[in-house]
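J.: From the sequence below, what's the structure:
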Amino acid sequence: MTTIKSHENVGMSTYLYRTGRWAFLRRRYVLGFWVVVAIGMVAFSVVAGGKTVDDYTVPGQSKEAAELLKERLPAYSGGQTLVVFAAKGPHRVTDGQHRAAIEDSVRNLMGSQQVAVVADPFQTKAISPDGRVALASVHWKVAAGRVDGAALNGLKDAAKLAIKAGLQVEFGGEVYPGSRLEVSETPEIIGIAIGFIILLVTFGALVAAGLPILTAIIGVLISLMGITAQTTVTDIASPTISLALMLGLACGIDYALFILSRYRTYLMQNIEAEEAASLAVGTAGSSVVFAALTVIVALCGLAVVGVSFLTVMGLCAAAAVLVALLVAITLLPALLGFAGDKVTKFLTPIFHPDRPERVALIAATEPHRTMGAAWARFVVRFRIPLLILGIAVMAVIALPASQMTLGLPSGKDQPAGNTAHKAYDLVERSFGAGFNGPLVLVVDNSRAGDPRQAVGAIAATLQRDPGVAAVSPGPSGNGVAVLQVIPKTGPDASATSDLVHRIRDNHDIENSSHTAILVGGLTAQNMDTSDRLADALPMFSVVVAGLALILLTIAFRAVAVPITSIIGFMLSVLAAFGAQVAVFQWGWLADLLKVTPGQTVSFLPIIVLAVIFGLSSDYEVFVVSRIKEVFTKTDEAVGAVERGTGLSARVVTAAALVMFFVFVAFISTTDPVVKAIAFSLAVGVFLDAFVVRLTLVPAIMAVTGNKFWSRSKWFDRYVPDLDIEGERLERRHAV
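T.: Modelled structure (predicted):
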């Protein structure tokens, strides 16, 4: 075994040093390039004019059922909207005036070009036993995600006759008026405002606080416009936009923050601006590049799950992070060329006018006097108790994760005032829970001797199942028949899932009737999606852990770094899952956060796993690279932990708080999917930065001492030294 030795080969930091100098000297061209790119992407997006499509289908029997319907009965292969008519007071929907208004509304519903069929509730007998509620089904010619906004608004117009007659009209199903997520600028504005305040406190200078915000906005604008333009050629789910916005904004600010912080430190050490910018990009920029690449690789790794909407979501978010990286290492040094030493023009608060400059000078010239250094000394001194306490806290927060149940949001998961939530409640009270989650059985009876008799026998057999409330025949023709099976339990109940599996596994029905039965519909589709993603989660976790092992081993050339990083990352992810279950499933703090308790969104664990892996690697790189930098110079492990953690604590704290509050801002959205993802990421990032990276990792490094950096001799031969901490670069430039 041997310890780290310096190598004189040219590392990544040298190339980035040259990039930073080039951008600084040619700042007008670099700025012009990014402005042209931004304007071009805006124009391209406006001309393309695409829209997001919320299609969460995965390969499975429900998808096969939809494809068979599209081939044989295309009128019933599209999306479906449920229109709920409810009488008020002592009235009934069967009253003369109310019935006439409902029938007129149903006829008006047929007016849209995208509508294939509308089922009249009086013909289908979809009237509640108490006569107070009637259900009309709208079948679209296209998939739910492709129903345009004008057609959905047409539903509201068609229902006006019923509303004028005194009826309550609500909408539910796969797609309905208001079901499309409108991307709001409010969370982004809030995140930017809070980020600016944090940077203002961190830097104590207006220009220094404004530059990361400016570069992040430019990067987010380019990313958002590019993703929007892509919607014309690729199906992109609406949460993709929000995820890309969150990551693009948070990473954009953080990456610029790390480089700018190092630049200002060099300036305050009397290094001239051109050299300071070049060195900042070469040193802090190396960590930024490596950190960004881990996020990008993790997000692109979503492709291994084999689910198209997740692959697209990951690639779009990865593109946003890539743009944030490119902006940070090119546009930021160019802007520093314009700003010069204005980043050290400090604010003068009324009560403590010299405080911002004094704090910055201490951080740059006497880092041992900072609060970060005091925290690092505290961690090193009480490393064993902090290890025990930190792991215990993370374990307690993670406990609820064992009760996680996966599903996709239904009407009941929407806010109480949402029309889908009202429709869900009306249906459940008047008909029963199962009517909110009907199963659509597509029966291929082309080989049956008597197709009608075969379908009747299937219906009779299903009716005897203890989990079935009702079986009703639907349309038939072209060798296919449709049966609607109403479970006795709701769409997210385990009993409903068991019923789906019983029907699918009962091949005796198919053999005796010479048919093939496919269970489809929204409820079965959601179950297929949840099952597929749950099955993919362990494999994806292994892939992510493997990536961490490889990337961090290459970066730090010590196996202990990726091992501790992976353990810390898993603690953060499990804690994020635990907090999410407590709030979004159990309802803790539900009123405060305006959450309707329900199941965990089925693709949330994989998304959160990928993002927190990337972001935790960010903080691991930023903290450990400074510790390694000091250790390389001093060869004293415990002292390096103290000094390196102290040097990185202030900037990592600011970066983590920016990231945390950007995610918190998106919790204000009304979309339950975005709200749950934002909450999970906020909790995960906060715990990972402050509990894991600034406490547990330094503590374990202090406990292990020099052994933490030990490695086999073959490392020097086979593992390249990328010098991501920029130590060789600083030594060559006598910093």
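J.: can you give me the helices in the stretch 451-600 of the chain?
T.: 451-463, 494-505, 507-513, 522-556, 560-580, 590-593 (DSSP state H, counting those that start in this stretch).
J.: Could you check the angle the first one makes with helix 494-505?
T.: Translated: helix 451-463. Here the directions of helix 451-463 and helix 494-505 differ by 140 degrees (axes from the mean of the first three to the mean of the last three C-alpha atoms, to 10 degrees).
J.: Export helix 451-463 to PDB, keeping only CA atoms.
T.: Extracted in PDB, the C-alpha atoms of helix 451-463 (Å, rounded to 0.1, in the frame of the first residue of the first chain):
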ATOM      1  CA  PRO A 451     -68.200 -15.100 -29.800                       C
ATOM      2  CA  ARG A 452     -71.200 -13.700 -28.000                       C
ATOM      3  CA  GLN A 453     -71.700 -16.800 -25.900                       C
ATOM      4  CA  ALA A 454     -68.000 -16.900 -25.100                       C
ATOM      5  CA  VAL A 455     -68.000 -13.300 -23.900                       C
ATOM      6  CA  GLY A 456     -71.200 -14.000 -21.800                       C
ATOM      7  CA  ALA A 457     -69.500 -17.000 -20.200                       C
ATOM      8  CA  ILE A 458     -66.500 -14.800 -19.300                       C
ATOM      9  CA  ALA A 459     -68.700 -12.100 -17.800                       C
ATOM     10  CA  ALA A 460     -70.600 -14.700 -15.700                       C
ATOM     11  CA  THR A 461     -67.300 -16.200 -14.400                       C
ATOM     12  CA  LEU A 462     -65.900 -12.800 -13.500                       C
ATOM     13  CA  GLN A 463     -69.100 -11.800 -11.800                       C
END
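J.: Counting by contacts, list what it packs against.
T.: Under the contact criterion of 3 or more C-beta pairs under 8 Å, 6 or more residues apart in numbering; DSSP states H and E, helix 451-463 touches strand 439-444, strand 468-477, strand 480-487, helix 507-513. For glycine as for every other residue, the C-beta is placed from the backbone atoms N, C-alpha and C.
J.: if we can go back for a sec, any chance of JSON lines for the helices of the stretch 451-600 of the chain, columns mean pLDDT, mean neighbour count and distance to residue 341?
T.: Shown next, in JSON lines, are the helices of the stretch 451-600 of the chain (pLDDT from 0 to 100; neighbours: other C-beta atoms under 10 Å; distance: least, C-beta to C-beta, whole Å):
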{"stretch": "helix 451-463", "mean pLDDT": "89", "mean neighbour count": "17", "distance to residue 341": "78"}
{"stretch": "helix 494-505", "mean pLDDT": "91", "mean neighbour count": "17", "distance to residue 341": "64"}
{"stretch": "helix 507-513", "mean pLDDT": "84", "mean neighbour count": "13", "distance to residue 341": "78"}
{"stretch": "helix 522-556", "mean pLDDT": "82", "mean neighbour count": "20", "distance to residue 341": "32"}
{"stretch": "helix 560-580", "mean pLDDT": "90", "mean neighbour count": "24", "distance to residue 341": "36"}
{"stretch": "helix 590-593", "mean pLDDT": "85", "mean neighbour count": "11", "distance to residue 341": "44"}
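J.: Next, format these as TSV and append distance to residue 649.
T.: Formatted as TSV, the helices of the stretch 451-600 of the chain follow (distance: least, C-beta to C-beta, whole Å):
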stretch	distance to residue 649
helix 451-463	63
helix 494-505	46
helix 507-513	62
helix 522-556	19
helix 560-580	16
helix 590-593	30
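J.: Can you check which of the ones you listed gets nearest to residue 161?
T.: Closest to residue 161 of the helices of the stretch 451-600 of the chain, according to C-beta to C-beta: helix 522-556, at 27.7 Å.
J.: helices or strands next to that closest one in the packing?
T.: In terms of contacts (3+ C-beta pairs under 8 Å, 6+ apart), helix 522-556 is packed against helix 61-72, helix 273-300, strand 406-407, strand 439-444, helix 494-505, helix 560-580, helix 604-634.
J.: Could you list the low-pLDDT ranges of the stretch 351-500 of the chain?
T.: For the stretch 351-500 of the chain, the stretches with pLDDT under 70 are 351-352.
J.: out of the helices and strands packed on helix 451-463, nearest to residue 46?
T.: Comparing the helices and strands packed on helix 451-463 under C-beta to C-beta, the one sitting nearest is strand 439-444, at 39.4 Å.
J.: can you pull out the helices in the stretch 301-450 of the chain?
T.: For the stretch 301-450 of the chain, the helices defined by DSSP H, counting those that start in this stretch cover 308-326, 332-339, 355-365, 371-381, 383-398, 419-430.
J.: Switch those helices over to a markdown table, and while doing so, append distance to residue 569 and mean neighbour count to every line.
T.: Formatted as a markdown table, those follow (distance: least, C-beta to C-beta, whole Å; neighbours: other C-beta atoms under 10 Å):
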| stretch | distance to residue 569 | mean neighbour count |
| --- | --- | --- |
| helix 308-326 | 17 | 23 |
| helix 332-339 | 28 | 25 |
| helix 355-365 | 29 | 17 |
| helix 371-381 | 19 | 18 |
| helix 383-398 | 11 | 16 |
| helix 419-430 | 36 | 21 |
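J.: what sits against residue 408?
T.: The contact partners of residue 408, by C-beta atoms under 8 Å, 6 or more residues apart in numbering, come to 56, 526, 529, 530, 599, 601, 602.
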